[in-house]
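Undergrad: Could you look at this predicted model? Sequence included:
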Amino acid sequence: MAAFSQQSHHLHPHKNLRLDSTIVPSMSAVFDDEKKPTTSISCFSDDPVKKITHCSSMGAELGAPGMVRKRKKADFEEERDVEEKKGKAEKKRKKKVVKEVPSGFVHVRARRGEATDSHSLAERARREKISERMKFLQSLVPGCDKIIGKTLVLDEIINYVKSLQNQVEFLVGKLASISPMLIGHEANLDSSTLQSENLCSFGPPLPSLLACNSTQLNSYAETSLTSSFSLQQDHLSSVVSQNDGIILWDMDDQEQSLLDQYGFSNRYSF
Amino acid sequence: MTSNRVFFNTSSRKARCARRFLQSLLRIRQRRPGSLSSEEVRQRSRRIKMAAYSSMACTVGSRRAWSRAIIFRLQSRAGRHGRMRRRCLGVKKKPSREMSQADRLRDLVPGGEALDFCNLLEETAHYIKCLSSQVEIMKSIADIYCRS
């Protein structure tokens, strides 16, 4: 504790703050701005003793500089009671003991000036979790890394999920239009598939997707009408007949490279 | 060729999902060998869509909220009768103007209605992964038929 008081005596309080913030991992930019205003409440008293009394008079509302607190949420209330009963010097000693928290708890660190009652700690942990997941989602959604701001990122995620679902719709329509063609019924194919697609599509579809829907389907129908269908049927039956682990269809290398291109081979884990 | 076989032999989730989907696709075709009307085509595409989502959900199992929701929906629908309701898998038709973003996301992700925001984000991440891999599977299947 002597070291701490000396430090705060000689250094500017803001330096203490900086030292402290190097220990604590920085939060995401989204939630950072909520914390900054509260950090510099009790920094401007020269006398360290006075400052500490000020801190303790505020109860446990303000974290002392240089101290890293790890607390379990549920334990906090009784711990505070104990702290209030004991004297100032004892309290300082105890805070060092508090550092060794048994593993398996949720570790929440309070920086200087941050509220340390259990609700605030829980809320902070929740925000950290949310921002962490948000970052993960940002890494998943293409083109979402550069966007700053929670609402914009959420918008982007929503749009991406929608577009994926629309793609599934589109591909379902495509596959549904393939199956009758395999049998040989080509009549009113385009119109019916497009119609069913429109019926099936929910929400506002992406304009690019819609645009490619009609054109691709038409061109696709034209090309596949001219090709042989019995061959395709053989393909599909050969695919499904080998159902013991080998889902490999007897195809030429060209098609396999196509499959590779579409990512059958990059086996990332879910 | 052999290396590709090795790749496909791996029991990755994607491969299992593809296999399941192809099997159900073949079953659909066997059940209804020929179709003429647009009603038939619509029914077929509905079946294929159900197959797509169910293959996706069954590969994940009941570990996730969204897959549980999809499986439950499919089961309850099959229990009632074959007719599918207006509310389709995955997406619902609802005006989304007055809802917050979290609610919109809750509507998009199946089974997300009961989740809090934190878990919703986790479910969304998993759902996005599975959905994009399903899209890739379907794309490659469609491309095979397109080319040959």
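TA: Thanks, I have the structure now.
Undergrad: okay, residue 98: pLDDT?
TA: In the absence of a named chain, chain A is used. Looking at residue A:98, its pLDDT is 48.
Undergrad: wrong one, I was asking about chain B
TA: On pLDDT, residue B:98 comes in at 61.
Undergrad: what do you get for residue A:69?
TA: pLDDT for residue A:69: 44.
Undergrad: longest helix in chain A, by residue count?
TA: For chain A, the helix that runs over the most residues, judged by DSSP state H, is helix A:150-183.
Undergrad: That one and chain B in contact?
TA: Yes. If you take Cβ under 8 Å from any Cβ of the partner chain as the test, helix A:150-183 does meet chain B, through A:151, A:154-155, A:157-158, A:160-162, A:164-165, A:167-169, A:171-180, A:182-183. Using the backbone N, CA and C atoms, a C-beta is placed for each residue, glycine as well.
Undergrad: show me where pLDDT drops low in chain A?
TA: A:1-109, A:179-270 (pLDDT under 70).
Undergrad: which parts of the stretch 1-150 of chain A sit against chain B?
TA: A:126, A:129-130, A:133-134, A:136-137, A:140-141.
Undergrad: Any idea which residue of the stretch 1-150 of chain A lies closest to chain B?
TA: Nearest residue of the stretch 1-150 of chain A to chain B (Cβ to the nearest Cβ) works out as residue A:133 at 4.0 Å.
Undergrad: now residue B:133: how far from residue B:69?
TA: 19 Å (Cβ to Cβ, to the nearest Å).
Undergrad: how about the helices in chain B?
TA: Going by DSSP H, chain B shows helices at B:2-9, B:13-31, B:38-60, B:65-80, B:101-108, B:117-147.
Undergrad: Name the nearest residue to residue 142, sequence neighbours excluded.
TA: I went with chain A, as the question did not name one. Leaving aside its chain neighbours, residue A:142 sits nearest to residue A:160 (7.7 Å; criterion: Cβ to Cβ, 6 or more residues apart in numbering or on different chains).
Undergrad: Hmm, no, I was thinking of chain B.
TA: Using Cβ to Cβ, 6+ apart and skipping residues adjacent in sequence, the residue nearest residue B:142 is residue A:174, 4.8 Å away.
Undergrad: I figured the one you found was touching residue B:143, is that so?
TA: No. Using Cβ atoms under 8 Å, residue A:174 is not in contact with residue B:143, being 9.7 Å away.
Undergrad: When the two are compared, which one has more neighbours?
TA: When residue A:174 and residue B:143 are compared for neighbours, residue A:174 comes out ahead with 25 against 17, by other Cβ atoms under 10 Å in any protein chain shown.
Undergrad: In space, not sequence, find me the middle residue of chain B.
TA: residue B:53 (1.5 Å; Cα atoms, centre = their mean).
Undergrad: my guess is that one meets residue B:67, correct?
TA: No. When contacts are counted by Cβ under 8 Å, residue B:53 is not listed as touching residue B:67 (9.4 Å).
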